[in-house]
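Asks: heads up, no residue letters with this:
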C-alpha cells in the first residue's frame, strides 16, 4: 500500500532542521572536547536525519546522512581519530544536508553531492584502515554501519534462527530516544518490536508500564537480547526507526542460558491520550490569535469610552462588567503571548559554529561563553535578532579580538573570549555581548564622524565618550584600519541599531582601551502591546514608545539658547539640540509661548529635545504594523487606535531626524 508522505513534509523539515542545527553545535563541541556524551549526541542526530529522510523517500539526503553517520560511528569506536580537518568535513556534510532539507521544504529538486559523499567514503575507508593497523585485534567488523546497505535499499526483516543453527548469545544493548521526539514511548515500542523478532528481550529498563506512559529518564532504554543473530542484524533491525539510535552494544561473557520468557507484550494502539501532551502549531495561527486578541482589547477600550457617556444607576454595573471583560481579555492576551514565547537559545545555539568559522578565517583563537539562554522572548523579536547578534559577533572577532601574537605581546591569553549573557529586567530583557579585545577609541570615532561630515566639530567636542561610542552606528563611521570581507566596526552597525529599534529595543556600547567592548541590547518582551507617551502637535495626536523617552520636561523659552546650528536646551550639565516636532511633520508652526513641553529622546547622533505642544499622558495600546504605502513614509513605525476610535501614528525619532 502506497502512503502519501507529503502531508508530513512540514514536520520533516522542522524536525530535520532542528537535528542538523544541533548536529553542527555538537561537532563544534567535539572539536574542543571529544567527550562520550557529545559523540553519542552527534550520532543520534545524524541517525535521526537518516531515518526521517529515508521514511520520506528523500534518497539523496538519506544516503548523505548515512555516510556522515558511518563517520561518526567510527569516532564513537575510537575518538583519537578525530581531527580539526575531520570536523571540517563533517560540518560540510551537515551544511549540505541542511541545504537539501530546505530545498525539500521549498519543494525544489534536491541536489546531490557526489564529490562530498566520495570524500566522506574515502576518509572513512582510510581511517578504518589506519585503525585496523593500529588495533588489529579489534577491527570494526561486520557490525559497522559502513558495511550495512544504504537506507534506500530494501532490507528483508531478519528472522529467528532455525533449529540446528549456532547457539544463541546475549547482548547488552542501549538505545537512545531523541530529546525532540514527541512520542518517546511509541518510538521505544517500535524498536522493541524489531528486536523481539531477533530473539528474546530481557532485563528491560524502564519497565513496560513506564514505556506505556513515556516515562523514559534521559530518553535511554537498556535491555539484554538473547539471540543467534550478530551485531549487523541488530543494527539493521534498528536502522530505519526514526529518532532512535543504538548507542551501546556489547556481548555478555559467560551468560547462563535463561528460560524462555513470556512474549514481549504487543505495543498498545496509540490513542494520543498518553503522549499528546504538546502539539505543534503554525506560527500563522498564533499571529491570527494575537491579532484577534488585540482587536478584543481595542473593542473593550471603546466600550469603556462609550460607557462614560451614560449616567444613572446602571453605570456602576456597566463599569464593573467592562473591568471584568478587560481582565479576561488581558489574561487571554497573556496566554497567547506565552504561547509565542521562545527561549533565546533558539538563536544562541547556532552561534558556536559561526564563531568557529569566523575565527578560523581570521586565524584567531576565540572562546564563546553563553549564559542565560533560557530567557524567553516573543518569536517576532527573535526573528529579528539573529542578524544583529551575528553582526556584532563578527565585529568582536574581526576587529575586537587581537591576533594571538598581539595578545601575547601585551600579556593576554592567546585565546580571546566573547561572552554572551542574558538576564530578565522586569518587563524587558538585557542581552550583553562582551569581548576582551583591544577596545574602541572614542576620539577616533569623533574624528571619523567629522571627516565623513556626519557631525560638526563643535558637536563632536560636546559629546561624552559614551555618546561618541554610539557614532559607530552612523553609516561609514569606523575606527578599523581596514574593512575585511567579514566586518568592519561601523559597517552595518547602523543596520544593527535600526533592527533593534524596529522591535522597540535599544543599543548601548561601553568600551575600554586594551580591555574590551561590551554591547548591551535592551529588548522588550513583546512588540504587540506597548506603553505610549501621547503628545499633541497642532491639531493632531501622535505617540512615542515610553521606553524611548528619556525624560519629559517643561522649559521656559528664555532658557533656550541659539547658535549657528539652531537652538540648544540645557539638560543634565550639557546642551541638547532642539527640534520642532511640528516642523519635522510638516504641520503649521504654532504660536511661540513663554514655556512649552519637551521630550528628551535618543537620536542617531546623540540625545535630542523635541518641542511639542501638549503632553497628553501615557496609554497602553495595541501596536499595528504599517502596510503599503504608509510603511514607506519615513518616521512612522506603527499605528494604534485609541479607545475613542481615534487612530494615532507612532513615530520613530531617528528616522524622523534623518529625513
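Replies: That came through, no problem. None of the values given here were measured: they were computed from a predicted structure.
Asks: Sticking with residue 65, tell me its helix or strand.
Replies: helix 59-77 (DSSP states H and E).
Asks: Report the residue ranges of every domain in this protein.
Replies: 6-147, 169-251, 285-342, 344-524, 529-658 (automatic domain parsing).
Asks: where do the helices sit along the stretch 551-659 of the chain?
Replies: Remark: helices assigned in the stretch 551-659 of the chain by DSSP state H, counting those that start in this stretch are 581-585, 653-658.
Asks: which helices and strands sit right next to the first one?
Replies: In terms of contact count using 3 or more C-beta pairs under 8 Å, 6 or more residues apart in numbering; DSSP states H and E, helix 581-585 is assigned the packing partners strand 529-537, strand 540-545, strand 606-611, helix 653-658. Quick note: C-beta positions are derived from backbone N, CA and C, even for glycine.
Asks: returning to that earlier point: show the secondary-structure elements that the helix holding residue 65 is packed against.
Replies: Using 3+ C-beta pairs under 8 Å, 6+ apart, helix 59-77 is in contact with helix 36-56, helix 84-105, helix 114-134.
Asks: Out of those, the one nearest residue 222 is which?
Replies: helix 36-56 (13.7 Å; C-beta to C-beta).
Asks: Give me the average confidence score over the closest one.
Replies: Helix 36-56 shows a mean pLDDT of 86.
Asks: where does the stretch 151-300 of the chain dip in pLDDT?
Replies: 151-167, 212-213, 253-280 (pLDDT under 70).
Asks: mind redoing it with 90?
Replies: Within the stretch 151-300 of the chain, the set of residues satisfying pLDDT under 90 comprises 151-171, 176-219, 225-300.
Asks: ok, for residue 121, nearest residue in space, not its chain neighbours?
Replies: residue 67 (6.2 Å; C-beta to C-beta, 6 or more residues apart in numbering).
Asks: what residues are up against the one you found?
Replies: Shown in contact with residue 67 (C-beta atoms under 8 Å, 6 or more residues apart in numbering): 93, 117, 120-121, 124.
Asks: out of those, who has the most neighbours?
Replies: residue 93 (26 neighbours; other C-beta atoms under 10 Å).
Asks: and it, what does it touch?
Replies: With C-beta under 8 Å, 6+ apart, residue 93 has these contacts: 64, 67-68, 71, 116, 120.
Asks: out of the helices of the stretch 551-659 of the chain, deepest packed?
Replies: helix 653-658 (a mean of 18; mean count of other C-beta atoms under 10 Å).
Asks: State the distance from residue 209 to residue 285.
Replies: For residue 209, the distance to residue 285 (C-beta to C-beta, to the nearest Å) stands at 36 Å.
Asks: Helix or strand next in line after the lowest-mean-pLDDT helix or strand in the chain, which one?
Replies: When the helices and strands of the chain are compared on mean pLDDT, DSSP states H and E, helix 208-212 comes out lowest with a mean of 74. As assigned by DSSP H and E, the chain's next helix or strand after helix 208-212 is strand 220-227.
Asks: what lines up beside that next one in the sheet?
Replies: strand 169-177 (antiparallel), strand 199-205 (antiparallel) (DSSP bridges).
Asks: Please produce CSV containing those strands, extended by mean neighbour count and distance to residue 188.
Replies: Listed next are the strands paired with strand 220-227 as CSV, based on neighbours: other C-beta atoms under 10 Å; distance: least, C-beta to C-beta, whole Å:
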stretch, mean neighbour count, distance to residue 188
strand 169-177, 20, 6
strand 199-205, 17, 10
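Asks: just to revisit the earlier point, export the helices and strands packed on helix 581-585 as CSV, with columns for mean pLDDT and distance to residue 281.
Replies: Shown next, in CSV, are these (pLDDT from 0 to 100; distance: least, C-beta to C-beta, whole Å):
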stretch, mean pLDDT, distance to residue 281
strand 529-537, 84, 21
strand 540-545, 87, 29
strand 606-611, 84, 42
helix 653-658, 77, 34
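Asks: okay, those in CSV with distance to residue 513 next?
Replies: Converted to CSV, those look like this (distance: least, C-beta to C-beta, whole Å):
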stretch, distance to residue 513
strand 529-537, 38
strand 540-545, 34
strand 606-611, 21
helix 653-658, 28
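Asks: Would you mind telling me which of those is nearest residue 37?
Replies: Nearest of those (C-beta to C-beta): strand 529-537, 42.1 Å.
Asks: what's that closest one packed up against?
Replies: With 3+ C-beta pairs under 8 Å, 6+ apart as the test, strand 529-537 has strand 540-545, helix 581-585, strand 595-603, strand 614-622, strand 647-651 packed against it.
Asks: and the residue nearest to residue 86 when sequence neighbours are not counted, what does it touch?
Replies: Nearest non-adjacent residue to residue 86, counting by C-beta to C-beta, 6+ apart: residue 123, 6.9 Å away. The neighbours of residue 123, taking C-beta under 8 Å, 6+ apart as the test, are 71, 86, 89.
Asks: quick one: low-confidence parts of the stretch 351-500 of the chain?
Replies: 351-354, 356-357, 359-365, 373-387, 398-399, 424-429, 442, 446-500.
Asks: With residue 304 as the reference, measure out to residue 312.
Replies: Distance of residue 312 to residue 304, computed by C-beta to C-beta: 17 Å.
Asks: cool, residue 60 as well?
Replies: 60 Å.
Asks: Between those two, which is the more surrounded one?
Replies: Ranked by neighbour count (other C-beta under 10 Å), residue 60 and residue 304 place residue 60 first, with 21 against 17.
Asks: Please enumerate the helices of the stretch 151-300 of the chain.
Replies: Going by DSSP H, counting those that start in this stretch, the stretch 151-300 of the chain shows helices at 184-196, 208-212, 231-238, 283-307.
Asks: The longest one vs strand 529-537, what angle?
Replies: An angle of 50 degrees separates the directions of helix 283-307 and strand 529-537 when computed by axes from the mean of the first three to the mean of the last three C-alpha atoms, to 10 degrees.
Asks: And the contacts of helix 283-307?
Replies: Under the contact criterion C-beta under 8 Å, 6+ apart, helix 283-307 has outside partners 315, 318-319, 322, 325-326, 329-330, 332-333, 336-337, 339-340, 379, 528-529, 622, 624, 641-645.
Asks: how many other residues sit next to the nearest residue to residue 204 once chain neighbours are set aside?
Replies: For residue 204, ignoring the flanking residues on the chain, the nearest one in space by C-beta to C-beta, 6+ apart is residue 223 at 4.8 Å. Counted with other C-beta under 10 Å, the neighbours of residue 223 add up to 17.
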